[in-house]
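In: Okay, here's the prediction I keep looking at, along with the sequence it came from:
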Amino acid sequence: MDTTTAARYHVRGYPTVLVLKPDGTEIDRIVGYYRAPEFISQVEDYVAGRNTLASMIEAEATQGQNAEFVSKLADKYNEHGLDAEAKSRFERVITLDPENKTGLVDDALINLARMERREKDYEGYRRYSQMVVDKYPDSDMMHLAKLQVAGSYKREGNLAKARELYLDFAKQFPDDEDAADAREEADSLGAQIAREKAGKTGA
């Protein structure tokens, strides 16, 4: 897909398969990799008008207080690049299920964090990530959230704080699959900090 077409349809990730009407109007899209039977089933649903963004928007009037439905709608908006609509639904999931009984609130927070990162709002990126760490320590998203907090400081240019958090992660979770990457990131930041100090001293 060329960049003009990607921009027209708000395509952000690949692979993205658009299901279109003959006039080019989008019916819906499939984002990511799927096995052939599941892929075909989704296309058939979309052509029949099932599980599309349009059908879900219509259903929101009756299912808008169901956290699981709202989460799926938020994901659908997010896939379509409709950030404001996605954000409001992710926030509603948090309101509807503050105790995370559905297991969807931590996912919503991670998605909100990523949306803030795209907007280069690193304070917001950190705030949502930290909420997962503080409120849902048993979540399967907690480790990712801790790394995102570290990453937010790195993106802001606070290299010392980022390095401290990467080292803390590697020490706290030595067997985690991301521990080696965290140590490598800390080493890289340490070298960068040392170069900057040397440069200032030389100046």
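Out: Structure received.
In: What residues of the strand or helix carrying Glu60 count as buried?
Out: Using DSSP states H and E, Glu60 falls within helix 53-63. If you call a residue buried by 16 or more other Cβ atoms under 10 Å, then helix 53-63 has these buried ones: Leu53, Ser55, Met56. In short, each C-beta sits where N, CA and C put it, glycine included.
In: For Gln63, state which of the residues you listed is nearest.
Out: Distance ranking of the buried residues of helix 53-63 against Gln63, using Cβ to Cβ, places Met56 first at 8.5 Å.
In: any idea how far the nearest residue to that closest one once chain neighbours are set aside is from Asp107?
Out: Closest residue in space to Met56, ignoring its immediate chain neighbours: Leu73 at 5.0 Å, by Cβ to Cβ, 6 or more residues apart in numbering. Distance, Leu73 to Asp107, by Cβ to Cβ, to the nearest Å: 13 Å.
In: neighbour count winner among these two?
Out: Leu73 (24 against 20; other Cβ atoms under 10 Å).
In: can I get the buried residues of helix 53-63 in JSON lines with distance to Glu177 and pLDDT?
Out: Formatted as JSON lines, the buried residues of helix 53-63 follow (distance: Cβ to Cβ, whole Å; pLDDT from 0 to 100):
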{"residue": "Leu53", "distance to Glu177": "34", "pLDDT": "96"}
{"residue": "Ser55", "distance to Glu177": "38", "pLDDT": "96"}
{"residue": "Met56", "distance to Glu177": "34", "pLDDT": "97"}
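In: what helix or strand is Gly103 on?
Out: With DSSP H and E as criterion, Gly103 is part of no helix or strand.
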